[in-house]
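Trainee: output the structure for:
(one chain, ligands or ions: 1)
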Amino acid sequence: MDRLRKYIALFLAAALVAGIVPGQTMAAEGKESKKESKLVLKIQKVAYTRRTCQMVKGTKATLTVKTGSIKGKKKIEYISSRPGTVAVSKKGKILAKKQGTAKIKVTVTAGKKKVSSWMKIKVAKKVKPPVFNFKKKTVKLNSGYQMPLNGLGTYSLTGDTCVKSVSAALERGVRLIDTAYMYDNEKEVGKAVRESGIPRSKIFVITKLYPDQYDNPEQAINDSLKRLNIGYIDLLLLHHPGKNDVKAYKAMEKAVRQGKVRSIGLSNWYIEELQEFLPQVSIPPALVQNEIHPYYQENDVIPYIQSLGIVVQGWYPFGGRGYTQEMLSDKTIAKIAKAHGKSVAQVILRWNLQKGVVVIPGSSNPAHIQENTEIYDFRLSPKEMKQINALDRHEKHDWY
Ligand SMILES: NC(=O)c1ccc[n+]([C@@H]2O[C@H](COP(=O)([O-])OP(=O)(O)OC[C@H]3O[C@@H](n4cnc5c(N)ncnc54)[C@H](OP(=O)(O)O)[C@@H]3O)[C@@H](O)[C@H]2O)c1
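Mentor: Okay, the predicted model is just below:
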């Protein structure tokens, strides 16, 4: 027994000298066992998460290093492991030079103490914001597919009402339908699409996976395909951020490769959520669907999403049920509508289009559905756009 103890003590001493005791190894990686010496790396103004950061080719960023309580005069060194992809200056300024992945090593020395940490940088190619084609009434997604600029939202339309509303929309030239697993009407949407007599390729169907499906996303995608029964899904979105959302998105990426889904995207993702999410996935979202209306305008979020080459689509264009009456009686918009011989609803939809936002108003009324398509024969002046922009109350009409 004594001899065994002696061997263990000898082994530990040797390991300490060779630097293979866990705490020592981790220190070389910048995760020293003593918490106070930990390095925290942050890239300002661009996406980063868990030491992975995404930058767009040609952009610059600053790396911020938090050194915890490493005492003494500090010296910080930056080394880029693939200098062709990014260039790092002595002051931690990064330039994304070429598409690809690079690693940056940061070493802090203070006295005899030396702590290092790595950060991965993914450089994506520079993208152009999406451009609306008002003549064709479509926009080209970053997946290469064309999508109509106006559609029908089907939230709260169920059973026969849903079939009738989607059929009425398709008969009136609407070619974009928005549904979701959560709306419990994918079957009805599919039925109306199949029975319309319109070639499948001319109709664009969006559906969404709900967070309680993110744990088993393959099954959820197959179930949606089955319920819709229209061959493929044009655009599949994650309905909300949630546990396992990256896992679910990766299953959607797989479904794209399998030809089950053509394009993928997100819903209810804002700037911070996108910055956290994007570096973790391979196929950039084609579209983000968020709450947007004159009283909740997201004027900071919309240009940010568009700058990533992602199309923005607005939900609750009329404020959502319970709020529509107030919004559709708005005096400022009513005055603008009168000047153009249009309805308030049409002006709101047109305002969205001119901001580069795709619209999916919900309706079960064929007259309203028709009215909501007649938004291409007038144009709001910059002054009128400004007047509606000034109505923003940052007033969210739903919790997400
Ligand atoms: N991703 C998400 O989290 C999320 C959340 C909410 C909604 N959505 C999507 O966004 C879509 C739009 O939202 P929503 O349908 O809830 O609300 P909405 O489009 O803001 O408002 C729908 C209401 O407006 C009325 N309406 C429609 N057109 C009209 C017109 N021309 N004149 C007067 N009233 C009119 C409708 O009544 P009538 O039926 O009488 O026309 C209905 O009561 C949804 O259907 C859904 O597809 C997505």
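Trainee: okay, buried residues for stretch 228-243 please.
Mentor: 228, 230, 232-242 (16 or more other Cβ atoms under 10 Å). All C-beta atoms are positioned from the backbone trio N, CA, C, and that covers glycine.
Trainee: keep only those of these that are in helices.
Mentor: If you go by DSSP state H, the buried residues of stretch 228-243 have L228 in helices.
Trainee: near the ligand too, which of the buried residues of stretch 228-243?
Mentor: Checking the buried residues of stretch 228-243 against the ligand by Cβ under 6 Å from any ligand atom, the ones in range are H239.
Trainee: what is the most widely separated pair among the buried residues of stretch 228-243?
Mentor: Using Cβ to Cβ, the buried residues of stretch 228-243 reach their maximum pairwise distance at I230 and P241, which is 27.5 Å.
Trainee: which parts of stretch 376-396 are buried?
Mentor: So for stretch 376-396, counting by 16+ other Cβ under 10 Å, buried means 380, 384-385, 387-388, 391.
Trainee: whoops, I mixed them up, stretch 108-125
Mentor: In stretch 108-125, residues buried by neighbour count (16+ other Cβ under 10 Å) are 108-110, 114-117, 119-124.
Trainee: what's the answer for stretch 91-104, then?
Mentor: Buried residues in stretch 91-104, counted by 16+ other Cβ under 10 Å: 92, 94-97, 100, 102-104.
Trainee: again, but for stretch 169-177
Mentor: Neighbour counts over stretch 169-177 (16+ other Cβ under 10 Å) mark 169-170, 172, 174-177 as buried.
Trainee: could you do stretch 256-269 as well?
Mentor: Across stretch 256-269, burial judged by 16+ other Cβ under 10 Å covers 256, 260-269.
Trainee: re earlier: quick one: which of the buried residues of stretch 108-125 sit in strands?
Mentor: Per DSSP state E, strands hold the following members of the buried residues of stretch 108-125: 108-110, 114-117, 119-124.
Trainee: save those residues as a markdown table, and put in distance to the ligand and pLDDT too.
Mentor: Listed next are these as a markdown table, based on distance: Cβ to the nearest ligand atom, whole Å; pLDDT from 0 to 100:
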| residue | distance to the ligand | pLDDT |
| --- | --- | --- |
| V108 | 44 | 91 |
| T109 | 50 | 91 |
| A110 | 49 | 87 |
| K114 | 49 | 88 |
| V115 | 44 | 88 |
| S116 | 43 | 89 |
| S117 | 38 | 89 |
| M119 | 33 | 90 |
| K120 | 31 | 90 |
| I121 | 32 | 91 |
| K122 | 27 | 88 |
| V123 | 31 | 90 |
| A124 | 25 | 85 |
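Trainee: which of the buried residues of stretch 91-104 sit farthest apart?
Mentor: G92 and G100 (20.3 Å).
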